[in-house]
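Enquirer: Build me a structure from this.
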Amino acid sequence: QVQVVESGGGLVQAGGSLRLSCAPSGRAFGTYAMGWFRQAPGKDHQFVAAIKWRDGRKYYADSVKGRFTISRDAIQNTMTLQMNSLTPEDTAVYYCAADSKGARTYGISDERDYDVWGQGTQVTVSS
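Expert: Next up, the predicted model:
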């Protein structure tokens, strides 16, 4: 079974920082891209950031540009999301996702192009 597992969520005050990590679990798989999505209560999944595995090109949602940094370790197949200057609006369950097939039908920011998902990790930012 192919899975990814997130870690690093928690409770932080506004203006603080958190670092999320994502690592594969189970059978190894090829990776074309990995990304982070989040879901706040009562809202749909929202794209946060993504990174293409081969060239390391990074993509960010406008709401997190300049505050969040995505990075990868191509050898270990792991990914991190450094989140700085957090606000209460960043409160959500954060999901790691991987594109192991490389179809790229909908785009790097579209969850439909990701076929491997983690269980999510809660990030809560208090005001």
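Enquirer: Phi first, then psi, for the residue lying closest to R104 once chain neighbours are set aside.
Expert: Excluding its sequence neighbours, the residue lying closest to R104 (C-beta to C-beta, 6 or more residues apart in numbering) is D113, at 6.0 Å. All C-beta spots, glycine's among them, are computed from the backbone N, C-alpha and C. Dihedral pair for D113: phi -90, psi 0, per degrees, to the nearest 10.
Enquirer: my guess is D113 contacts S100, does it?
Expert: No: contact criterion C-beta atoms under 8 Å: D113 and S100 do not qualify, at 10.6 Å.
Enquirer: ranges for the helices of the protein?
Expert: Using DSSP state H, the chain contains no helices.
Enquirer: Taking the centroid of it, which residue is nearest it?
Expert: W36 (1.8 Å; C-alpha atoms, centre = their mean).
Enquirer: Now do the same contact list for it.
Expert: 20, 22, 48-50, 70, 79, 81, 94-97 (C-beta atoms under 8 Å, 6 or more residues apart in numbering).
Enquirer: of those residues, closest to K58?
Expert: I70 (5.5 Å; C-beta to C-beta).
Enquirer: nearest residue to that closest one other than its sequence neighbours?
Expert: I70's closest residue in space is A49 (C-beta to C-beta, 6+ apart), at 4.2 Å.
Enquirer: Quick check: beta-bridge partners of the one you found?
Expert: Using DSSP bridges, the beta-bridge partners of A49 come out as W36, Y60.
Enquirer: That one: what's it in contact with?
Expert: Here A49 is in contact with 35-36, 58-61, 64, 68, 70, 81 (C-beta under 8 Å, 6+ apart).
Enquirer: From P41, how far out is the residue nearest to R104?
Expert: With the distance defined as C-beta to C-beta, to the nearest Å, D113 ends up 25 Å from P41.
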